[in-house]
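# Give the three-dimensional model of this entry:
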Amino acid sequence: MSMFNVFDVAGSALSAQSLRLNVTASNMANANSVSSSEGETYRARQPVFAAMLEQASGGQQANVGVQVRGVVESEAPLQQQYNPGHPMANEEGYIFLPNVNVAEEMANMISASRSYQSNVEVINTAKQLMMKTLTMGQ
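Okay, the predicted model is just below:
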């Protein structure tokens, strides 16, 4: 494994955490949106990550890091409220709210932000170690 793979791993993790922050921000922005039907209601989304640990074969470099597999919608039930006076109420007088848990999203945002910061520190530390290694022979 090359020393430069540290940058690949940390870089892919930065990209993954950036996506996680964007998805969390989208969830929080839509937390109070109202709809008149279940089909039109915003559903919370979560990114799905996987570790890339492919072995090198035939002189090729190994793929290491974090891979984004996709973004999935939450299967949690939507919130349904009886509010016949609301302009978005359906024929029965119900409005639908997203299945976004704001406290959980805040925890996700803090976790993603700290993971992002940690990976920036990994990159900075690896860079400093490489610079120190280059100056050892002087």
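# Tell me the spacing between residue 109 and residue 127.
As for residue 109, its distance to residue 127 is 27 Å (criterion: Cβ to Cβ, to the nearest Å). C-beta: built from backbone N, CA, C; applies to glycine.
# cool, residue 2 as well?
15 Å.
# who does the residue lying closest to residue 9 once chain neighbours are set aside bridge with?
Computed as Cβ to Cβ, 6 or more residues apart in numbering, the closest residue to residue 9 that is not its neighbour in sequence is residue 65, at 4.6 Å. Beta-bridge pairing of residue 65 under DSSP bridges involves residue 52.
# how many other residues sit next to residue 65?
By the criterion of other Cβ atoms under 10 Å, residue 65 has 18 neighbours.
# Wait, a strand at residue 40?
No. Membership of residue 40 in a strand is not supported by DSSP: H, G, I helix; E, B strand; the rest coil, which gives coil.
# Phi, psi for it please.
phi -90, psi -10 (degrees, to the nearest 10).
# give me every residue that touches it.
Residue 40 makes contact with residue 96 under the criterion Cβ atoms under 8 Å, 6 or more residues apart in numbering.
# Same check on residue 97?
Taking Cβ under 8 Å, 6+ apart, one finds 32-35, 41, 78-81 in contact with residue 97.
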